[in-house]
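Here is the input, now give the coordinates:
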Amino acid sequence: MALFNIQSNWTSLLRVGMMSLSEDELRQVGAPPTSVRLPPEGGGGYLAYLASHHHLHCLYLLHQSLHSEYFATRSVVWDMPAHLRLSHWDHCVEELRQYIICNADSTAVTHDWVEGLSQPAPNQGNPRLCANWEAHFQWQLDRQAPAPSTPLTNPLIKGE
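Residues are numbered from 1 along each chain as shown. This next block holds a predicted model:
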């Protein structure tokens, strides 16, 4: 698949950014009431994103690192100093490692003999039980938060 087509798939998956949770939703997910509030003019609510979005973001960053010659002029991540970029990638690898361990997929991957290969090849076609991605994505999309008209300020930092 051409890199451009792959890029449009990523763009589609990552088009939702931050979202807003109501006070009831905040309670339902067990988040503290001290969570960051969005300004009332932007609809209010509590600033959030789904972990699945963060995992995809991390996977996309790793994808970009594999194709640095293409993304070096097309992605803001390449504008960061190298040590920050590497730190971000390390964070992403750790985040994905934790996710895989916490949500271990127990789908059995069998192997087949393939002509021309001396070793068995994994058969990735075995059935999986998957979440309803469209419903998951729509839930997030329905709560998408508009970008604040003014930057959020941290009340814990004096003078900000």
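
From here on, just use CA atoms for contacts and neighbour counts.
OK.

Tell me the confidence at residue 1?
Note on residue 1: pLDDT of 52.

what's the distance between residue 102 and residue 96?
Look at residue 102 and residue 96: by CA to CA, to the nearest Å, they are 10 Å apart.

what residue lies at the spatial centre of the chain?
The residue lying closest to the centre of the chain (CA atoms, centre = their mean) is residue 54, at 2.5 Å.

Which strands and helices lie in contact with the helix ranked longest in the chain?
What stands out as the longest helix in the chain, according to DSSP state H, is helix 82-102. Applying 3 or more CA pairs under 8 Å, 6 or more residues apart in numbering; DSSP states H and E, we find helix 82-102 packed against helix 51-66.

Show me where the protein has its strands.
In the chain, the strands defined using DSSP state E lie at 19-21, 46-48, 111-112, 121-122.

looking at the protein, which helix or strand is least sure?
helix 3-13 (a mean of 77; mean pLDDT, DSSP states H and E).

List the contacts of that one.
56, 60 (CA atoms under 8 Å, 6 or more residues apart in numbering).

Could I get the buried residue list for it?
Neighbour counts over helix 3-13 (16 or more other CA atoms under 10 Å) mark residue 10 as buried.

Can you list the low-confidence ranges for this structure?
By pLDDT under 70, the low-scoring segments of the chain are 1-4, 160.

May I have the distance across stretch 115-134, first residue to last?
38 Å.

and for it, what are the contacting residues?
107-114.

Recalculate using a threshold of 6 Å.
Residues from elsewhere that reach stretch 115-134 (CA atoms under 6 Å, 6 or more residues apart in numbering): 110-113.

can I get the residues you listed in a markdown table with distance to residue 71 and neighbour count?
Formatted as a markdown table, these follow (distance: CA to CA, whole Å; neighbours: other CA atoms under 10 Å):
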| residue | distance to residue 71 | neighbour count |
| --- | --- | --- |
| 110 | 36 | 12 |
| 111 | 35 | 12 |
| 112 | 36 | 10 |
| 113 | 37 | 12 |
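
nearest to residue 156, of those residues?
Lowest distance from residue 156 to these (CA to CA) belongs to residue 110, with 53.4 Å.

Once you drop chain neighbours, what's closest to that closest one?
Distance criterion CA to CA, 6 or more residues apart in numbering; nearest residue to residue 110, sequence neighbours excluded, is residue 123 at 5.4 Å.

about what we covered before: separation between the residue nearest to the centre of the chain and residue 155?
25 Å.
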